[in-house]
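Q: Take a look and give me a structure for this.
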Amino acid sequence: MNNEMDNDVELTPVRQQHRFDEKNLRSYLQHHLEGNFEKMEVLQFEGGQSNPTFQISIPERSFVLRKKPPGKLLKSAHQVEREYRVMSALQDTDVPVPETLHLCEDESVIGTPFFVMEMVQGRVLVDTHLPSFSPEERSALYKSFIESGAALHKVDYQSVGLETFGRSGNYYARQVHRWTEQYIASETQKNESMDAIMAWLPDNIPDSDETSIVHGDFRIPNCIIHSTEPKIVALLDWELSTIGHPLADLSHWCSGMFHGDTPFPENYKELGLISEQEGLDLYCKLTGRSGIENWNFYVTFNLFRSAAIRQGVYKRGLDGNASSDQWQETGESAMRTANRAWDLVQEAGLV
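A: Below you'll find the model as predicted:
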């Protein structure tokens, strides 16, 4: 990443609610990383609704620091320690991840646990339709993106030391329970669609216990793209990663790309975009699958989870702990996403 990443991503002075003792951090990093931290400068990335993210610059190089937000946090949320662990485990695999440099679990340094990783040069693009790309570049980037997900799901999680990173089997049962609890804990108003989905999901979980490493928020805005080529060079934001069902990542991407707030263009072929089915076919080819059953469940679950996450962001904003000034929009966004999920269930004749 750099200061010329993309117009959608900004570096700003550290926001008031996320300020910490930079002198303490300077002294700490001087003893744990190579370089001269006497002239250290700190800026904050505007993106990142969950864990505040900062650019740490010294004369020799720049780093990225991710920390937990301040204030009272929901149980099992904002686990920067897990982000650090999974990225460290993937260093020598085909999965593109930044080099991890240091994890600090001592809250006395800057108030919360944090980790430091290398700053990967490239672009971060928030608009998944990639308006600045040519049709050929869009097609190549989506292939690279799906390849990165397939590479992740083919990693033997036990061989890279992640056998205790999560439980195998019953992934969706556990996830439905977890996000139902998270949503209820952050609920600020009743949502009939969300109530209906939370009742429907537990009774419609597919009978499939495939297990792999799951990124948890697999989408192009969480990637760094090569500075000049349509190629994924790093997957970021591993906070929600675990051991789980591989289709969770693919359906998460599809739920946002094809069922999100921005309509999918009808002229997608001439734009170089791929359809949902084409994405599924490419993933199946890369992972050796013959096809995918119960696809509507996987998409519905991810819309439900997205609504729960957005509601959590909105609640943190009301409490004064949001990681970005964009939190005000997420309350209505959570409602829209829940409505869309329940519409999908009804349109597919699943109720």
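
Q: what about the residue nearest the centre of the chain, distance to Q30?
A: Centroid-nearest residue in the chain: D217, 3.0 Å away (criterion: C-alpha atoms, centre = their mean). The gap separating D217 from Q30 is 33 Å, by C-beta to C-beta, to the nearest Å. For glycine as for every other residue, the C-beta is placed from the backbone atoms N, C-alpha and C.

Q: following the helix or strand that contains R66, which helix or strand comes up?
A: According to DSSP states H and E, R66 maps onto strand 62-67. Where DSSP H and E defines the elements, the next helix or strand beyond strand 62-67 is helix 80-89.

Q: How about the secondary structure of the residue nearest to the centre of the chain?
A: Following DSSP: H, G, I helix; E, B strand; the rest coil, D217 is assigned to coil.

Q: show me what contacts it?
A: D237, E239, L240, H252 (C-beta atoms under 8 Å, 6 or more residues apart in numbering).

Q: mind checking pLDDT for the third one?
A: pLDDT, L240: 87.

Q: Same check on G71?
A: 65.

Q: now do Y314
A: 88.

Q: for it, what are its contacts?
A: So Y314 contacts S186, T188, W327, Q328, T330, G331, A334 (C-beta under 8 Å, 6+ apart).

Q: Wasn't the fourth one part of a helix?
A: Yes - under three-state DSSP, Q328 sits within a helix.

Q: ok, it - contacts?
A: Neighbour list for Q328: Y314, G317 [criterion: C-beta under 8 Å, 6+ apart].

Q: T211: what's it in contact with?
A: If you count contacts by C-beta under 8 Å, 6+ apart, then T211 has Y157, S168, G169, Y171, I243, G244, H245 around it.

Q: Let's see that with 7 Å instead.
A: By C-beta atoms under 7 Å, 6 or more residues apart in numbering, T211 lies in contact with S168, G169, I243, G244.

Q: So the second one sits against D207, correct?
A: So the one you mean is G169. No - using C-beta atoms under 7 Å, G169 is not in contact with D207; the gap is 11.2 Å.

Q: for the stretch 1-150 of the chain, which spans come out with low pLDDT?
A: Applying pLDDT under 70 to the stretch 1-150 of the chain picks out residues 1-9, 47-49, 71-78.

Q: Please repeat the previous calculation with a cut-off of 50.
A: Within the stretch 1-150 of the chain, the set of residues satisfying pLDDT under 50 comprises 1-7.

Q: hmm, which two among the contacts of Y314 are most spread apart?
A: Within those, two members stand farthest from each other by C-beta to C-beta: S186 and Q328, at 15.1 Å.
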